[in-house]
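[1] Please work out how this folds:
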Amino acid sequence: MAAEVHPHLTVPDLLALLDSGRLVMASVHKEIRRTENSAPGRGGHLVLVIGRQGDMVHFRNQSGHIAHARTASLPVAKFAEFFAGRGVSLA
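    A predicted model of the protein is given here:
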């Protein structure tokens, strides 16, 4: 599997990678599993972003405490609150 490190990854760049068919391991705050709360910070935890549909980002979070936290979708703006602006894209 080919991988590329992105130490500076904007949200538009993340979306472009998804649109090109790549998966992205994105650095997010671990509390992304509790999206009903505001993000207490950014980064420190990895999720696998598997795609997007319109304004929704779809991702897998293996440490999610309940089913909908393990296989989740968020609006791009909400995902951005937790996103640290770095990741690894996978082909």
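[2] chain center to the helix or strand that contains residue 13, what's the gap?
    Here residue 13, judged by DSSP states H and E, is contained in helix 11-19. Here the centre of helix 11-19 is set off from its chain's centre by 11 Å, with Cα atoms, centre = their mean, to the nearest Å.
[3] Parallel or antiparallel, which strands does the helix or strand just after it pair with?
    Following helix 11-19 in sequence order, the next helix or strand is strand 23-28 (DSSP H and E). If you go by DSSP bridges, strand 23-28 pairs up with strand 45-53 (antiparallel), strand 83-90 (antiparallel).
[4] any idea which of those strands is most buried?
    strand 83-90 (a mean of 20; mean count of other Cβ atoms under 10 Å). Where you see a C-beta, it was placed from the backbone N, CA and C, and this is true even at glycine.
[5] Can you report how many residues neighbour residue 32?
    For residue 32, the neighbour count with other Cβ atoms under 10 Å is 24.
[6] can you pull the contacts of it?
    Taking Cβ atoms under 8 Å, 6 or more residues apart in numbering, we find residue 32 in contact with 39, 45, 47, 61, 72, 74, 79, 82.
[7] same thing with residue 31?
    37, 39-41, 82 are the contacts of residue 31 under Cβ under 8 Å, 6+ apart.
[8] what secondary structure does it sit in?
    helix (DSSP: H, G, I helix; E, B strand; the rest coil).
[9] how near is it to residue 90?
    24 Å (Cβ to Cβ, to the nearest Å).
[10] And residue 32, by the same measure?
    Distance from residue 32 to residue 90, counting by Cβ to Cβ: 19 Å.
[11] Next: residue 41.
    25 Å.
[12] can the contacts of residue 32 go into a markdown table with extra columns for distance to residue 14 and pLDDT?
    As requested, these are exported to a markdown table (distance: Cβ to Cβ, whole Å; pLDDT from 0 to 100):
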| residue | distance to residue 14 | pLDDT |
| --- | --- | --- |
| 39 | 16 | 88 |
| 45 | 16 | 93 |
| 47 | 12 | 96 |
| 61 | 16 | 90 |
| 72 | 15 | 91 |
| 74 | 13 | 95 |
| 79 | 9 | 96 |
| 82 | 12 | 96 |
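[13] Done for today, thanks.
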